[in-house]
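>>> 3D model of this:
(chains A, B, C and D)
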Number of protein chains: 4
Amino acid sequence: MRSPILDYLDGIIAGTDHVDSGALADYIPELAAADPDRVAVALCTVNGTVYASGDTDDRFSIQSMSKPFAYALAIEDRGLEDVLERVGVEPSGEAFNELSLDPETGKPRNPMINAGAIATHALVKRDDAAAVDRILALFSDLAQRPVGIDEALAASELATGDRNLGLAYLLHASDQLGHDPAAAVEGYIRQCSASVTVRDLALMAATLANGGVQPNSGLRLFSRRNTRHVLSVMASCGMYDAAGDWLTSVGIPAKSGVAGGIIGVLPGQVGVAVFSPRLDAHGNSARGVVMMEKLSEDLGLHLMEAGRPARSSLRETRTVAVEGVPATVYVLQGDMVLSSIEALTHELIGNPPPTDLVVFDMSRVDEVLPVARRTSAAMAAKLIDAGHRIILVDPEETVPGFQDSQGRAVERWSVDRFEQGLTSRGSV
Amino acid sequence: MRSPILDYLDGIIAGTDHVDSGALADYIPELAAADPDRVAVALCTVNGTVYASGDTDDRFSIQSMSKPFAYALAIEDRGLEDVLERVGVEPSGEAFNELSLDPETGKPRNPMINAGAIATHALVKRDDAAAVDRILALFSDLAQRPVGIDEALAASELATGDRNLGLAYLLHASDQLGHDPAAAVEGYIRQCSASVTVRDLALMAATLANGGVQPNSGLRLFSRRNTRHVLSVMASCGMYDAAGDWLTSVGIPAKSGVAGGIIGVLPGQVGVAVFSPRLDAHGNSARGVVMMEKLSEDLGLHLMEAGRPARSSLRETRTVAVEGVPATVYVLQGDMVLSSIEALTHELIGNPPPTDLVVFDMSRVDEVLPVARRTSAAMAAKLIDAGHRIILVDPEETVPGFQDSQGRAVERWSVDRFEQGLTSRGSV
Amino acid sequence: MRSPILDYLDGIIAGTDHVDSGALADYIPELAAADPDRVAVALCTVNGTVYASGDTDDRFSIQSMSKPFAYALAIEDRGLEDVLERVGVEPSGEAFNELSLDPETGKPRNPMINAGAIATHALVKRDDAAAVDRILALFSDLAQRPVGIDEALAASELATGDRNLGLAYLLHASDQLGHDPAAAVEGYIRQCSASVTVRDLALMAATLANGGVQPNSGLRLFSRRNTRHVLSVMASCGMYDAAGDWLTSVGIPAKSGVAGGIIGVLPGQVGVAVFSPRLDAHGNSARGVVMMEKLSEDLGLHLMEAGRPARSSLRETRTVAVEGVPATVYVLQGDMVLSSIEALTHELIGNPPPTDLVVFDMSRVDEVLPVARRTSAAMAAKLIDAGHRIILVDPEETVPGFQDSQGRAVERWSVDRFEQGLTSRGSV
Amino acid sequence: MRSPILDYLDGIIAGTDHVDSGALADYIPELAAADPDRVAVALCTVNGTVYASGDTDDRFSIQSMSKPFAYALAIEDRGLEDVLERVGVEPSGEAFNELSLDPETGKPRNPMINAGAIATHALVKRDDAAAVDRILALFSDLAQRPVGIDEALAASELATGDRNLGLAYLLHASDQLGHDPAAAVEGYIRQCSASVTVRDLALMAATLANGGVQPNSGLRLFSRRNTRHVLSVMASCGMYDAAGDWLTSVGIPAKSGVAGGIIGVLPGQVGVAVFSPRLDAHGNSARGVVMMEKLSEDLGLHLMEAGRPARSSLRETRTVAVEGVPATVYVLQGDMVLSSIEALTHELIGNPPPTDLVVFDMSRVDEVLPVARRTSAAMAAKLIDAGHRIILVDPEETVPGFQDSQGRAVERWSVDRFEQGLTSRGSV
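Next comes the predicted model:
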């Protein structure tokens, strides 16, 4: 049985068939010779399931979509502070090939424009291997297959790389490039010539959606914090001179490449990738933009879409006998985020537990954010102070242990013990 | 018992006590005379619960924090297209009092800078009442109390409003202000002089977090779509010339005012507001920025924080007898968003139901996004095509009815009928 | 007999008859209703002779051509330093209605753009009369007839003066306008509505060419130094965003007005004025620019035209008897500028006078620049030191008296005494 | 006897001894190691006389002062139109090392900034020799001695030439450099490393002052028209971001170099050069600027200084007998420019010659501008028409021959014939 999600993606392609405006990038023959009618879309969940439709195995060059990943690698290598000293994070308001160097410092405005991407490439460490080889290894880890370079394309781009060379020499002149300019440009162009499919890109984007962990291999490639940083920069600077327009209409961090690809990330949910070689006036894939708009709209991907108003994670409250003692049992479920822990404390304070014994059944809880961990510990302390005895049924230890100055602590019970305690003597 | 969330907010204030840099806005005596040591913080959930600490009932002028709300009202009044023709959505890269008019059209770059806010004010309809009166009524609906104007402040600002007058006349000269310039500035200044507390602001921000519905009154003040648009513009343009920095470090849509307030919104979760009158070089409350950074960090508010990787909403799968017929029951729970419906279809296709009868128990489902509604209908059709009989236990009709060309349809059962069916003859 | 110069000007008009491109200024009905085919040219020498051809008595509004004169008046009133603190002198590289305010200080870039001209207007003193009345009095002194205001035009421009009001309020907001903004704009618009002919304008321009002295009345209206300053600003900022192009191709300080006039000044020689209402894309009279180009080319007006390589002002050297004493007589003529005094000293040092007595006949000398005055005094001192006796025949005392520490001095003879001395005993 | 002009230049040096602000250019060791106290000044008339004081024979690198000369050579090589297609003539309003490329075309704003100077260098033809060799040959022709390159300096600058390389690659990327970027930069840097003295520079500047003819060799190196163009560009773009300030205060076309030299040109009169290595914040020699200001002030060099109000070139009018016939004799002298020919025609028309025979004695006339040639011919025609007989005593044929449709023409007499005619029968 074919997944309805695949059917849906087929529909995305069929439904954008009429979008044939735009023109192939023509600055090098390799790009100009692409088949303009190729089209593909892929989606990868944070669980690593990939759905793809169209020319899903056609390869094309990653181009500027390489930028966020090389940027993430540079931050992993050097630390965020060091990288921020070389490359800013502000939108440039300018087209992709503008210089966008800070007039005071010569620092590139952000890592998504070419100047910033060259500076970023030069920041990737190259102890044992060339930076570009480390970047390719990263791409391979992200896509879970060996990603190689389109050497003919790389050679062509190098031969016409005057603008990038110009940028690199200017960066070097301002001490913003700790690297030989010509070597940095060569490496950067090779990075951009990596040959990928929409499947690869969806997996790469899903890794960003998944907080830096490749969903299938489970390998942490970027720290959660750095991933968040990279996504923020994609959100404000990824779509060149129409950042505000993109954020209002599509509403997800994204990056496009001049070969016709676009990737997008909905944090915590999915990575998406589209491909169609004809470019609009901004240098983004014309049909790709329409596909992304439809995906965002249909799939509810907009970051600002309050489509998931937080519900209480307090599943139910029961008054039962536990091992014969009257107890109030709070059954929690789902993720414990700010809104769920707030709802819980609100309930506990508004309707204090009528029994001395209080059980928190956390066996159905998925993830507990730090705010919830801290707040639940504080709440437990308050209840103990008020004379309650607290039992935590928390098999995955999502909540920290707790002991107050008088040695009073929460008790931790296993699920089994709790269930036996419940049934041993029936409910009160 | 005091809520640990209140304790937490107390801690935010105590923990930023050392931040005494910055200076009072001094362009009018009323602002310069403010007590610089006042400080407050408030948080309001999408359920309407407000937590506040510090000088929570001190009033101060709303200033530029009025901009997103007036912008939302203008969009409600005129429609988004019309408003976009008058005011752009791109970050300006400039300080708050810069002109930031598009050199071609004279159109303000965005509604968060003064020129754009004046143009926005002039777009609010004024059929029966002055625009400013409609805006005050909106503020009152948002804060659930009558919000008034600090008339002394308004008078002072009017007397020193040359820059705003200059902007208004320039807008009028470019036909970007369908309004008398002096009247528009007077109305705009009165809008900015609305007198509010951090409680009010938290409620106002929570309305944006809640998709446009005031959490306590349940009144829909802005459409979901317009709310999303306003939040996007706050994210890219709300913090003036440091949009990229703010988005990477704090990561929530926000807006500050020159009297020392800052509001922030985490869509679907909370609105927050802080207040401290001393301003940094960007014109934002110095201590307020630090409080916002801490709130974002501690409470996990960063938009790009993939802290909630989507979990399956498939609670359990059971094979039972339903009214004596072997059935596979899928118990769903929580929100049905892209990732949850994807997980469900993934399961159904990978492990097709072993029985003809298939029951989807959706009685524990909270919200169903359009993507999930469409996909579940498509999935049901596929199952019917494959010979299955489908029962939906969906008391809130979260999923649409369905009938195929041969008259085959999903059956809808009540919870009662289903539970009786289950128990009538026991499990298989 | 008709002057060949008038014939020449007739030819300028006939020779540009084909230039019918451009369009009338259309922002107010009064300008849009002008007869587009009117055309006139006038030229006024520093002696005050006016030549004019075409619609020489048609009146039109002076518009921006008023700016250099109001600027000169402001400098006379306030002193150059004070004016420079309010208005810069750098080209703006922007079109005439751009803001061109210094981003740091809010100071207008130069007095030839509107913002700078409004600020300049506000700097004109208004002790007894409104600034605009003092400016009209100046125009009347310049044109030697009472210049009035086209009141209907002024009223129309005021009604559509939003941009100027906007600029004025912005200037006021930056403390760059010591004046009520609305009053400054009204005065400025009235200044621009002064009604003039090409004859008037040629006389006005000729006053600048003549170092600030109205050639016919002999009235000094601007100091020589201030005149030079105003001309420099016209040269670099007068023709808006094509300053470099104008300076290379036409090569004279100039200013155009939106009603179709252009004035130009060749320092020391002539003022010219042309008029034709159709404007090019820069807002300059299309046919007027062509006429100015032809005038510059034909009349040798280009500032950088080294058409007058300096010749020796040493007319002849004679050895004669003066009152019976052998003397070397140096007959000087023309202007004594750097190059002429250099030539004289070069001759005196290379070929020292063979007689003790040396006579400088300066009766044919026109003007003596300070450099020549100082250098000739220094040269005389050297000759005295070398044992010569010096007689100056200098009826207009162009050269200062001189006496050295030993009481030795140049002798001053009248022309009569010198001629009698020459003839009394014949040449040696 | 020492020339008072030399004394004056000594005074310029002594009088600026206190100006010791500024710092040596430090981007390469060769410049940083210069003796900061060296100082020199030179002046060269259009007759080729050089006056110099201070360290007049110290050599330093020409740097950016090479730009106007290479620009003039490129225009001679390619024609002005071609060069204007590659390099603009508008002031950039930016510092010397800013990019200043037109955002639309990538064309450098003007030839005085580095990008424009590199593009200019690449435009110099290199058929038989490298461009830089042709430029050195030009410098040698200008300075009348073999000018060589400071090879150590050139090597150092090349090693730190990243910014120039960056600019060159960007130009090449925009097709604005028909040349290999690295070769263009090497040539340009060698051009800048030419080693000169203030004497050399004064001669070079004097060639521009003299309309393109080297004053001593008499060699025409640039056409009069191209020279005028180059001087215009120096006037508006020569002093970087303070063009307006320089034009108002110093008032002559000028160019500075980072080694501490500044040249200035007063068309038709002199070239000047100063040298002092400490640079101000604009990158101009700090003491050099003060010296230039004093030279301009003292020597009356300001372009806008109407110090030479044109006098009548009509020396005298006599009524005499010429070969026995009563004749009116007009004795002309000096240069015949617009103002002088205007004065002559004004006199002839206001006071028509009382005799049939009219003699123009032009034997004392120096130069006749085209305007004067055309106008005098037209005037002669009018007099013939009015029945007069015209004799031209014009030994240098400054005025063209003339014959009307009826065969009537001006007669040309030699000076001898005229003098004999005068004396033959005495005055009437």
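>>> so the closest residue to A:Asn216 other than its chain neighbours is in which element?
When the adjacent residues along the chain are set aside, A:Asn216 lies closest to A:Gly48, with 3.9 Å between them (C-beta to C-beta, 6 or more residues apart in numbering or on different chains). (Each C-beta comes from the backbone N, C-alpha and C, glycine too.) Using DSSP states H and E, A:Gly48 sits in no helix or strand.
>>> residues near A:Gly48, how many?
Around A:Gly48 there are 17 other residues, counting by other C-beta atoms under 10 Å in any protein chain shown.
>>> separation between it and A:Ala40?
In this structure, A:Gly48 and A:Ala40 are separated by 19 Å, where distance is defined by C-beta to C-beta, to the nearest Å.
>>> Quick check: buried residues in the longest helix along chain A?
Ranked by residue count and defined by DSSP state H, the top helix of chain A is helix A:370-385. Applying a neighbour-count criterion of 16 or more other C-beta atoms under 10 Å in any protein chain shown, the buried positions in helix A:370-385 are A:371-372, A:374-384.
>>> so which of those would you say is closest to C:Gly324?
Using C-beta to C-beta, A:Val371 comes nearest to C:Gly324 of those, at 117.1 Å.
>>> Which pLDDT value goes with the closest one?
In this prediction, A:Val371 carries a pLDDT score of 79.
>>> The spatially closest residue to A:Thr207 that is not a sequence neighbour: neighbouring residues, count only.
Using C-beta to C-beta, 6+ apart and skipping the chain neighbours, the partner closest in space to A:Thr207 is A:Gln214 (4.9 Å). Number of residues near A:Gln214 (other C-beta under 10 Å) recorded here: 20.
>>> again with the one 3 residues further on
Per other C-beta under 10 Å, the neighbour tally for A:Ser217 reads 14.
>>> what about it, distance to chain B?
Counting by C-beta to the nearest C-beta, to the nearest Å, the gap from A:Ser217 to chain B is 16 Å.
>>> what helix or strand is that residue on?
In this structure, A:Ser217 sits in neither a helix nor a strand according to DSSP H and E.
>>> Over to the nearest residue to it once chain neighbours are set aside: give its phi and psi.
Closest residue in space to A:Ser217, ignoring its immediate chain neighbours: A:Gln144 at 6.3 Å, by C-beta to C-beta, 6+ apart. The phi/psi pair for A:Gln144 (degrees, to the nearest 10) reads phi 60, psi 40.
>>> Which pLDDT value belongs to A:Gln144?
A:Gln144 is assigned a predicted lDDT (pLDDT) of 97.
>>> I'd guessed it sits against A:Leu219; true?
No: counting by C-beta atoms under 8 Å, A:Gln144 stays clear of A:Leu219, with 9.4 Å between them.
>>> Compare neighbour counts for these two and give me the winner.
A:Gln144 (18 against 13).
>>> Tell me who's in contact with the more buried one.
Applying C-beta atoms under 8 Å, 6 or more residues apart in numbering or on different chains to A:Gln144 gives the contacts A:Leu203, A:Gln214, A:Asn216, A:Ser217.
>>> What about A:Val230, how many residues nearby?
For A:Val230, the neighbour count with other C-beta under 10 Å is 27.
>>> Just the element for it, please.
Taking DSSP H and E as the criterion, the element that holds A:Val230 is helix A:224-237.
>>> Could you pull out the strands in the stretch 51-200 of chain A for me?
In chain order, the stretch 51-200 of chain A shows strands spanning A:60-61, A:195-196, with DSSP state E, counting those that start in this stretch as the criterion.
>>> Find the residue closest to A:Thr248 in space, skipping its chain neighbours.
Residue nearest to A:Thr248 in three dimensions, not counting chain neighbours: B:Ser232, with 4.2 Å by C-beta to C-beta, 6+ apart.
>>> how many other residues sit next to that neighbour?
24.
>>> Please name the residues that touch it.
Counting by C-beta under 8 Å, 6+ apart, B:Ser232 makes contact with A:Gly244, A:Leu247, A:Thr248, A:Gly251, A:His302, A:Leu303, A:Met304, B:Val89, B:Pro253.
>>> Looking at those, which one is closest to chain D?
Looking at the contacts of B:Ser232 and their distance to chain D, the nearest is A:Gly244, at 20.6 Å (C-beta to the nearest C-beta).
>>> The closest one in helix, strand or coil?
Recorded secondary structure, A:Gly244: helix (DSSP: H, G, I helix; E, B strand; the rest coil).
>>> what about it, how many neighbours?
Using other C-beta under 10 Å, A:Gly244 has 25 other residues around it.
>>> now do the one 3 residues further on
For A:Leu247, the neighbour count with other C-beta under 10 Å is 32.
>>> Also A:Glu297?
When neighbours are counted by other C-beta under 10 Å, A:Glu297 registers 16.
>>> all strands for the stretch 251-400 of chain A, in order.
In the stretch 251-400 of chain A, the segments counted as strands under DSSP E, counting those that start in this stretch are A:254-256, A:261-266, A:270-275, A:314-322, A:325-336, A:357-368, A:389-393.
>>> what's the closest of the ones you listed to C:His346?
Closest approach to C:His346 among the strands of the stretch 251-400 of chain A (C-beta to C-beta): strand A:254-256, 72.4 Å.
>>> Get me the contact residues on the stretch 251-400 of chain A for chain C.
The stretch 251-400 of chain A comes close to chain C at no residue, as judged by C-beta under 8 Å from any C-beta of the partner chain.
>>> Residue of the stretch 251-400 of chain A nearest chain D, please.
Counting by C-beta to the nearest C-beta, the stretch 251-400 of chain A gets nearest chain D through A:Ala281, at 14.5 Å.
>>> Report pLDDT for that residue.
According to the model's per-residue confidence, A:Ala281 sits at a pLDDT of 87.
>>> ok, how many other residues are close to it?
Counted by other C-beta under 10 Å, the residues lying close to A:Ala281 total 10.
>>> Any figure for the gap between it and chain B?
Using C-beta to the nearest C-beta, one obtains 15 Å as the distance from A:Ala281 to chain B.
>>> just A:Asp127 next, same as before
Remark: distance between A:Asp127 and chain B (C-beta to the nearest C-beta) = 28 Å.
>>> ok, that residue - how many residues close by?
As a burial measure, the neighbour count of A:Asp127 was computed by other C-beta under 10 Å and equals 6.
>>> before we move on, what about A:Leu153?
Neighbouring residues of A:Leu153 were enumerated by other C-beta under 10 Å; the total is 23.
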